[in-house]
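Peer 1: Sharing a model that was predicted from the sequence below.
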Protein chains: 2
Amino acid sequence: MGARAGDPSGEGTGGDAATGSTDTGHLGRRQRSRRRTLAGLKAAALEEVREVGAPALALRSVARRAGMSPAGLYRYVESRDGLLTLLIADGYDDVADHLDVALGRPAAQAADAPPTVPLIAGQDAGPATRMTAVALAYRAWAVDHPHEFGLIFGDPVPGYVAPPQGPTTTAMSRVGLALATPVIEAFEAGRLTIPPAMAATDLQAAVRPMEALAPDLPSELYLLLLTMWGRLHGQVSLEVFGHHAWLFPDGCEPLYRADVAALVTELGLAVAVDQPGR
Amino acid sequence: MGARAGDPSGEGTGGDAATGSTDTGHLGRRQRSRRRTLAGLKAAALEEVREVGAPALALRSVARRAGMSPAGLYRYVESRDGLLTLLIADGYDDVADHLDVALGRPAAQAADAPPTVPLIAGQDAGPATRMTAVALAYRAWAVDHPHEFGLIFGDPVPGYVAPPQGPTTTAMSRVGLALATPVIEAFEAGRLTIPPAMAATDLQAAVRPMEALAPDLPSELYLLLLTMWGRLHGQVSLEVFGHHAWLFPDGCEPLYRADVAALVTELGLAVAVDQPGR
DNA sequence: GAGTATGTGCGAATGGTGTTCGCGAATCAA
DNA sequence: TTGATTCGCGAACACCATTCGCACATACTC
């Protein structure tokens, strides 16, 4: 009586109580319909974000676009921020998929319109090539989806904090892991020079180990990966948010490439001609 | 007749036509009052931003805070975005002042509450110390003013583009220049190693020279400075926007320090014990 | 001084927003 | 069929940015 009938969390449907009888994966007709309209809702919201940006997203207008009443939206979404949270989670996965493609892996969820990735480096390419590929893919996604990038990496939704084990956190781990993969491979092949500053003792004490990323990773490497991500992210962030537009009217890709090249050199990944086959 | 009487741009007062007679700097009583209330308005808006963040800033509530009617606000501000633009310009200057303090320079505008800067490195300190000082000051300001950082460096106001010679652009140049100063000094002292990747020919062609920063700077150095800024900015950005909060519950300063140390080493700034006196 | 233009502030009004509530219709489990 | 649950919606509330016309105070001109 106290709570409303509808349950935005989506898992409160009676079908959930399929205790034994209809145990097959075939969820009820209602569940499927619900999932479908929710997907449509997210798609509409994503279009809206792509057009006007996250801060200007109007719940009423995504309702219009999805052919629904504004009130009806609340059967599927907790609030405006809740909808944005859903988009954020999807956005993380989208980035991760892109990076996976650049690494020559199949994307987890089939991309309906697979966009062009500047460089694809398969498993047999050298670490320098693979590192460059993911780094460029990171920037390419950001430049191609500036508003989604802003949604994910920009000013966070005021009250929002990612639940430690929630979907956004795991999806972000996917991004970090993809960026880290070439370096980890190089490390395991014994072809990586880690800056000595990463071994500072107070540093080791400050970081909370992230088991999900790679269980038994030396912490110097782990910390190096974090700084590396930040380094790449900073260039992309400054570009996408327009702080370099007046310096590079045609885009910052050359600057970014140069920085990645310097990074690859510093890490010792570019030995000789970077011959393939590990 | 077409335009309203009030002029939000602020310089339309009749006193501007002080042709000869009252040529002294004593602007009329009205001008001063106007300037004062505008400052109060900006202060109120800044408090509001600090509390609820830029995207949640409500014009009505800054009007309340400033003891004014919402409509009256429009005599001083073009629109909500216009007010945010003013805050952005001030924010840039605030960062620049902080960095100047860290470099041992006097801040341009007297800070009413001079906050603690983690490390002040005067003119006679070595480039490694000075570099570390500005870098730490950059992070310290961001961590102390997260909402203003988001306002300046986060998702930009949808339609806003910084006018090429406008106040925000010049203020941003101040920030860039402060961050660059130690490196430039090291370069002039012949103590700087520039990564060879910065000399790529297509890179040189892509960047538009920024005369304001430093007229006759070799472009490799110029580009190095840009990547350096991005590198620092990325770490700070990830931290302030909360993407590292689950990894570093007590703040990312150790990680940041390590990255700065690595950067200093790579640039060759830390020769021996970094003896002072150039 | 008076007269007049101009800046200043405000109340009211408009159209947009997020969100809640109650009700009818559709769907499901029995 | 019966009863319970979900879906979707219209109406409503409170808040928002912005505009307009009007009253007042100030400044300049004569």
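Peer 2: Yep, it's here. Numbers count the residues shown, from 1 in each chain, chains lettered A, B, ... in the order given.

Peer 1: buried residues in stretch A:254-268?
Peer 2: A:254-264, A:266-267 (16 or more other CB atoms under 10 Å in any protein chain shown). (C-beta placed from N, C-alpha, C; glycine too.)

Peer 1: could you dump the residues you listed to CSV with pLDDT and secondary structure?
Peer 2: As requested, the buried residues of stretch A:254-268 are arranged in CSV below (pLDDT from 0 to 100; DSSP: H, G, I helix; E, B strand; the rest coil):
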residue, pLDDT, secondary structure
A:Pro254, 95, helix
A:Leu255, 95, helix
A:Tyr256, 97, helix
A:Arg257, 96, helix
A:Ala258, 96, helix
A:Asp259, 97, helix
A:Val260, 97, helix
A:Ala261, 96, helix
A:Ala262, 97, helix
A:Leu263, 97, helix
A:Val264, 97, helix
A:Glu266, 95, helix
A:Leu267, 96, coil
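
Peer 1: Let me have those in TSV, extended by distance to B:Asp81.
Peer 2: Shown next, in TSV, are those (distance: CB to CB, whole Å):
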residue	distance to B:Asp81
A:Pro254	32
A:Leu255	29
A:Tyr256	30
A:Arg257	34
A:Ala258	35
A:Asp259	32
A:Val260	35
A:Ala261	39
A:Ala262	38
A:Leu263	37
A:Val264	41
A:Glu266	41
A:Leu267	43
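
Peer 1: Now the two most distant members of the residues you listed.
Peer 2: Greatest spatial distance among the buried residues of stretch A:254-268 (CB to CB): A:Pro254 and A:Leu267, at 20.6 Å.

Peer 1: Just the pLDDT for the residue nearest to A:Arg60 when sequence neighbours are not counted.
Peer 2: With sequence-adjacent residues excluded and distances taken as CB to CB, 6 or more residues apart in numbering or on different chains, A:Arg60 is closest to A:Pro70, at 4.8 Å. If you check A:Pro70, the pLDDT there is 97.

Peer 1: Equivalent analysis for A:Asp94, please.
Peer 2: pLDDT at A:Asp94 comes out at 95.

Peer 1: what about the strands in the stretch 51-200 of chain A?
Peer 2: Along the stretch 51-200 of chain A, no segments are classed as strands by DSSP state E, counting those that start in this stretch.

Peer 1: Any stretches of the stretch 51-200 of chain A with poor pLDDT?
Peer 2: Applying pLDDT under 70 to the stretch 51-200 of chain A flags the ranges A:107-115, A:157-164.

Peer 1: What residues does it have near DNA strand D?
Peer 2: When proximity is defined as CB under 7 Å from any atom of the strand, the stretch 51-200 of chain A approaches DNA strand D at A:67-72, A:74-76.

Peer 1: I'd assumed B:Pro156 was in contact with A:Gly242.
Peer 2: Yes - taking CB atoms under 8 Å as the definition, A:Gly242 is a contact partner of B:Pro156 at 5.4 Å.

Peer 1: For ChimeraX, what selects the buried ones among the residues of the stretch 51-200 of chain A next to DNA strand D?
Peer 2: Restricted to buried positions by 16+ other CB under 10 Å, the ChimeraX selection for these reads:
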select /A:68,74,75,76
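
Peer 1: Could you dump the residues of the stretch 51-200 of chain A next to DNA strand D into JSON lines with distance to A:Trp229 added?
Peer 2: JSON lines is the format used below for those (distance: CB to CB, whole Å):
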{"residue": "A:Gly67", "distance to A:Trp229": "40"}
{"residue": "A:Met68", "distance to A:Trp229": "39"}
{"residue": "A:Ser69", "distance to A:Trp229": "42"}
{"residue": "A:Pro70", "distance to A:Trp229": "39"}
{"residue": "A:Ala71", "distance to A:Trp229": "42"}
{"residue": "A:Gly72", "distance to A:Trp229": "40"}
{"residue": "A:Tyr74", "distance to A:Trp229": "37"}
{"residue": "A:Arg75", "distance to A:Trp229": "38"}
{"residue": "A:Tyr76", "distance to A:Trp229": "34"}
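
Peer 1: biggest separation within the residues of the stretch 51-200 of chain A next to DNA strand D, which pair?
Peer 2: Greatest spatial distance among these (CB to CB): A:Gly67 and A:Tyr74, at 15.8 Å.

Peer 1: related to what we said a few turns ago, pick the one among the buried residues of stretch A:254-268 closest to A:Leu221.
Peer 2: Of the buried residues of stretch A:254-268, the one sitting nearest to A:Leu221 (CB to CB) turns out to be A:Leu267, at 10.6 Å.

Peer 1: could you measure A:Arg32 against B:Asp81, distance?
Peer 2: 43 Å (CB to CB, to the nearest Å).

Peer 1: right, and A:Val143 touches A:Val240 too?
Peer 2: Yes - counting by CB under 8 Å, A:Val240 is a contact partner of A:Val143 at 6.4 Å.

Peer 1: Give me the distance between the residue nearest the centre of chain A and DNA strand D.
Peer 2: Nearest residue to the geometric centre of chain A (CA atoms, centre = their mean): A:Tyr92, 2.5 Å. In this structure, A:Tyr92 and DNA strand D are 26 Å apart, going by CB to the nearest atom of the strand, to the nearest Å.

Peer 1: ditto for A:Ala180
Peer 2: Going from A:Ala180 to DNA strand D by CB to the nearest atom of the strand gives 40 Å.

Peer 1: Just give the closest residue to that residue, not the sequence neighbours.
Peer 2: A:Leu225 (4.5 Å).

Peer 1: And whatever helix or strand the one you found lives in, what's buried?
Peer 2: According to DSSP states H and E, A:Leu225 maps onto helix A:219-240. Using 16+ other CB under 10 Å as the test for burial, helix A:219-240 gives A:220-240.

Peer 1: next one: stretch A:201-208
Peer 2: Going by 16+ other CB under 10 Å, stretch A:201-208 has these buried residues: A:203-204, A:206-207.

Peer 1: count of residues packed around A:Asp81?
Peer 2: Residues contacting A:Asp81 under the criterion other CB atoms under 10 Å in any protein chain shown number 14.

Peer 1: wait, A:Asp250
Peer 2: Applying other CB under 10 Å, I find that A:Asp250 has 10 neighbouring residues.

Peer 1: ok, now which ones touch it?
Peer 2: Shown in contact with A:Asp250 (CB atoms under 8 Å, 6 or more residues apart in numbering or on different chains): B:Ala206.

Peer 1: Where does the stretch 101-250 of chain A get nearest to chain B, residue-wise?
Peer 2: Per CB to the nearest CB, A:Gly234 is where the stretch 101-250 of chain A lies closest to chain B, at 2.4 Å.

Peer 1: Please read off the pLDDT at that residue from the model.
Peer 2: 98.

Peer 1: May I ask you to confirm that it is in contact with B:Leu226?
Peer 2: No - A:Gly234 lies out of contact with B:Leu226 (CB under 8 Å); the separation is 10.4 Å.

Peer 1: List, one by one, the residues from the stretch 51-200 of chain A near DNA strand C.
Peer 2: Applying CB under 7 Å from any atom of the strand, one finds that the stretch 51-200 of chain A approaches DNA strand C through A:57-61, A:70-71, A:73-74, A:79-81.

Peer 1: distance between the ends of stretch A:139-149?
Peer 2: Using CA to CA, to the nearest Å, the end-to-end distance of stretch A:139-149 comes out at 10 Å.

Peer 1: Would you indicate which residues of it are buried?
Peer 2: A:139-143, A:145-149.
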